[in-house]
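> how does the following fold in three dimensions:
(chains A and B)
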Amino acid sequence: MPDEPVAALSEVTRTYGGVPVLDSVTLAVEPGVTAVIGPNGSGKSTLLRALVGATEPTAGEVRHPGATGPKPIGYLPQRVPFREGFTARETLAFYARLVGDDPDAALERVGLGDAGDRRVEALSGGMRRLLGIAQAVLGDPSLVALDEPASGLDPGMRERAFRAAAERADADTAVAITSHALDLVDEHADRVVVLDRGSVSAAGPLDDLLDQRGVADVSELYRVAAGETGARAGDEGEGPDDEDESDGEGERDGGDAEPDVHVTGVSDR
Amino acid sequence: MTGPLTGVATVFRRELATVVRTPGYGVLAVGLLAAVSGLLAAGGGGATGFVPAVVDLLLPTEALVPLAAVVLGYRALLADGASGELAVIRTYPVRVGEYVAGVLLARTVALVAVVGVPYAVVGVGVWLTAAPDTGIFATHAGVDSPLLFLRFLAFVLLLGAAYVSLAAAVSALAASRRSAIALGALALVAGVLGGDLLLLRSLGGGASPATIPGALALTPNGAFRGLVFEHVIGVAFAPEGGFVATGRAVGSLVGWTLFGPVVAGATLAYGRRVDAALERVRSGFGV
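A predicted model of the protein is given here:
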């Protein structure tokens, strides 16, 4: 079923306290890398949570026709939530056991092979994020949803995190990423969704969108589609997003603001 | 190799490791041992035999064991939900029932260690130090025996398991650590005092005293107290029994133990839908 999307949202609305955070969003997530961009509070995290089933829409429908296998969906929340007191290897081993995967190979894939014995709380924010990516792709899911995977990483690590995510995408696998790193979106995304105040203001293959809007890159597309409110977010590094989108299930991202940092202890592969 | 047992076993292992690595639970066990030993020393029953020791411990146990169980369970299912990790776990092939079962089994094993070990240590202490010969394994009613203390210990663990389970249900319902503490305290007070107060109220309202053995068995504390009177204290002093309906009391404790996971499972399985439904209502009313 090559024409079937991996996941599809149909008229999805989600409100909090009666205020719509997502408003009638219709979207098909195709194989390849789909980047979701938009200003802070535009609904990116809620969109991703609805996509993976972590948030129930108040209206509309989410389907996963092309997401198959024992673990059809992989998910990295905006705030990496792993339990303290466990090492990176133990953390991944817990998840790997559930899908019969190899935690050490997963650590190696994201360059954390040398940090396996470090406790989660002793990892830098960037290393925790890489651990989260390693977790999300365990079990070869058809749909990988990563909420700000490059947040808090130095430029080299941001590139690597995006590349690691993009490498998962193939003819049967869709990778959906929310990000403010528009340069990396430009480089790696096959499709782009621009959210603005809970609605989709542009969506489609990246090249088509650039042609249609007569712009040269994603930064310009962002400015045109999302307006000037978020125009400065583009290339200034990343911070946590969508702090107003919590649904009480742990997504409020209070103290997670991190400057771009060099991630020590992470190998350079 | 994945399946229901893999899911339960994997969650169980992680939860048990969490308990083992939490120093507070060790402190709780030591504190419980000190409390139980102190109460026994103050009451003097431990110097006489197992049954007098049980008499000394019965009332404090009805408060101490539920308290320890609630401490063990009040955050059991909240932690992953509050951190957001539950949303990640649910992308894996683990059903809500398997997750709840794994967590609760681990917390119940922890209860056996945190509560069972202090009581067992005290029992061994009584065996070694009590003045009359307590080394007789009773084959006839009216004789003090370590077996009676073992029965007491079994009832203590049943009571604790019921409260761990109820506390876990509370932890699934709570939205934050603070609300979990409040709900846990409420469950504790309701469980420890509520049943007796309701029973007294019904007797004051004209209910027949003949209904006491049946009604007593319905609450965890009433069932526990009745079983201890019926099968530990009463064996030595009142062979005719009749303190509580044994089957109903055991069924009640098992029922409360199963009630917790059912509530917790339903909360985790349907909580999001209920939340979305409430949002729909709120949006409909323009609140």
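
> can you count the residues close to the closest residue to chain A within the stretch 51-200 of chain B?
Of the residues in the stretch 51-200 of chain B, the one nearest chain A is B:Gly84, at a distance of 3.1 Å by Cβ to the nearest Cβ. C-beta: built from backbone N, CA, C; applies to glycine. When neighbours are defined as other Cβ atoms under 10 Å in any protein chain shown, B:Gly84 has 23 of them.

> helices of the chain, residue ranges please.
Because you didn't say which chain, this covers chain A. Along chain A, counting by DSSP state H, helices occupy A:44-52, A:88-99, A:103-109, A:125-136, A:155-168, A:182-188, A:206-213, A:218-226.

> right idea, wrong chain: chain B
Shown for chain B, the helices assigned by DSSP H span residues B:4-20, B:23-43, B:50-73, B:78-83, B:85-89, B:96-111, B:117-129, B:146-173, B:177-189, B:195-204, B:212-216, B:220-228, B:234-237, B:246-285.

> correct me if wrong: A:Lys71 contacts A:Leu143.
No - distance between A:Lys71 and A:Leu143: 10.0 Å, which falls outside the contact criterion (Cβ atoms under 8 Å).

> and the helices of chain A: which comes nearest chain B?
Using Cβ to the nearest Cβ as the measure, helix A:88-99 is the one of the helices of chain A that comes nearest chain B, at 4.4 Å.

> who in the stretch 51-200 of chain A is up against chain B?
Proximity of the stretch 51-200 of chain A to chain B, by Cβ under 8 Å from any Cβ of the partner chain, involves residues A:52-59, A:70-71, A:73-77, A:79, A:81-83, A:85-86, A:90, A:94-95, A:97-100, A:135, A:139, A:141.

> look up how far B:Leu227 lies from the nearest residue to B:Leu40 once chain neighbours are set aside.
Counting by Cβ to Cβ, 6 or more residues apart in numbering or on different chains, B:Leu40 lies nearest to B:Gly46, which is 3.9 Å off, once chain neighbours are set aside. Note on B:Gly46: its distance to B:Leu227, by Cβ to Cβ, to the nearest Å, is 21 Å.

> B:Arg272 now?
Here B:Arg272 is placed at a distance of 40 Å from B:Leu227 (Cβ to Cβ).

> how about A:Ser201?
Separation of A:Ser201 from B:Leu227 (Cβ to Cβ): 67 Å.

> would you put the C-alpha positions of the helix or strand of chain A with the lowest mean pLDDT in CSV?
Within chain A, judged by mean pLDDT, DSSP states H and E, the helix or strand with the poorest mean is helix A:155-168; its value is a mean of 84. Output of helix A:155-168 as CSV, limited to C-alpha atoms (Å, rounded to 0.1, in the frame of the first residue of the first chain):
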residue,chain,number,x,y,z
PRO,A,155,25.5,22.7,16.4
GLY,A,156,27.3,19.5,15.7
MET,A,157,25.0,17.4,17.9
ARG,A,158,21.9,19.1,16.5
GLU,A,159,23.0,18.0,13.1
ARG,A,160,23.7,14.5,14.3
ALA,A,161,20.4,14.2,16.1
PHE,A,162,18.6,15.3,12.9
ARG,A,163,20.6,13.0,10.8
ALA,A,164,20.0,10.1,13.1
ALA,A,165,16.3,10.8,12.9
ALA,A,166,16.3,11.3,9.1
GLU,A,167,18.2,8.1,8.6
ARG,A,168,15.2,6.2,10.0
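
> that helix: which residues count as buried?
Within helix A:155-168, the residues scored as buried using 16 or more other Cβ atoms under 10 Å in any protein chain shown are A:157-162, A:164-166, A:168.

> and for stretch B:264-271?
Judged by neighbour count using 16+ other Cβ under 10 Å, the buried positions of stretch B:264-271 are B:264-265, B:267-269, B:271.

> re the thing from before, go ahead and confirm the residue nearest to B:Leu40 touches B:Pro52.
Yes - with contact taken as Cβ under 8 Å, B:Gly46 and B:Pro52 are classed as touching, separated by 7.4 Å.
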